[in-house]
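Asker: Got a predicted structure here, sequence first:
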Amino acid sequence: MEAFVDGTSPENMPDIVEKGKLLGQGRTAEIFEWGPNRVLKLCRQEMPESLCIREFEWTSRIYEHVKVAPKPIEMICVEGRSGAVYERLIGETVLALTRRKPWQPVRLGKSDAGMSFVVVIPMA
């Protein structure tokens, strides 16, 4: 059985979840709290649904193969906008890491959807 950091399981998740606090935003989407241990990446209204779906598919493939992305949970529609639910990762952001340790190697890549994914290579 899958369990989250706080010990809850998917079976204990409420059927209806409401957008929580805005955690961040960019040109294409806003990130909200979405129940315990999850986030909602809600695409902006002007973003084509096909790009949101493609990003979710790419993130799913990356997660399946190398586990360097948040675990994709599901695609949903909230307030008429496409969104993707992911596990919530707690830790240092890549931006904070590069500001704190600019010498540490970080590889950035781009998916076909034009969305960035990041692989951090720890120094040995």
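Answerer: Received, thanks.
Asker: now for the lengthiest helix in the chain, which elements pack on it?
Answerer: Across the chain, the longest stretch assigned as helix under DSSP state H is helix 49-66. Here helix 49-66 touches strand 38-43, strand 72-78, strand 81-87, strand 116-120, going by 3 or more Cβ pairs under 8 Å, 6 or more residues apart in numbering; DSSP states H and E. All C-beta spots, glycine's among them, are computed from the backbone N, C-alpha and C.
Asker: list the buried ones in it?
Answerer: Buried residues in helix 49-66, defined by neighbour count with 16 or more other Cβ atoms under 10 Å: 51-52, 54-60, 62-63.
Asker: And stretch 69-85, by the same measure?
Answerer: So, applying 16+ other Cβ under 10 Å, buried residues of stretch 69-85: 69-73, 75, 78, 81-85.
Asker: Which member of the residues you listed is positioned nearest Met47?
Answerer: Lowest distance from Met47 to the buried residues of stretch 69-85 (Cβ to Cβ) belongs to Ser82, with 7.2 Å.
Asker: For the closest residue to that closest one other than its chain neighbours, give its distance to His65.
Answerer: Spatially, and ignoring its direct neighbours in sequence, Ser82 is nearest to Cys52 (4.0 Å; Cβ to Cβ, 6 or more residues apart in numbering). Cys52 sits 21 Å away from His65, going by Cβ to Cβ, to the nearest Å.
Asker: Quick check: beta-bridge partners of Gln25?
Answerer: Gln25 has the following beta-bridge partners by DSSP bridges: Glu30.
Asker: Same question for Val85.
Answerer: Leu40, Glu74.
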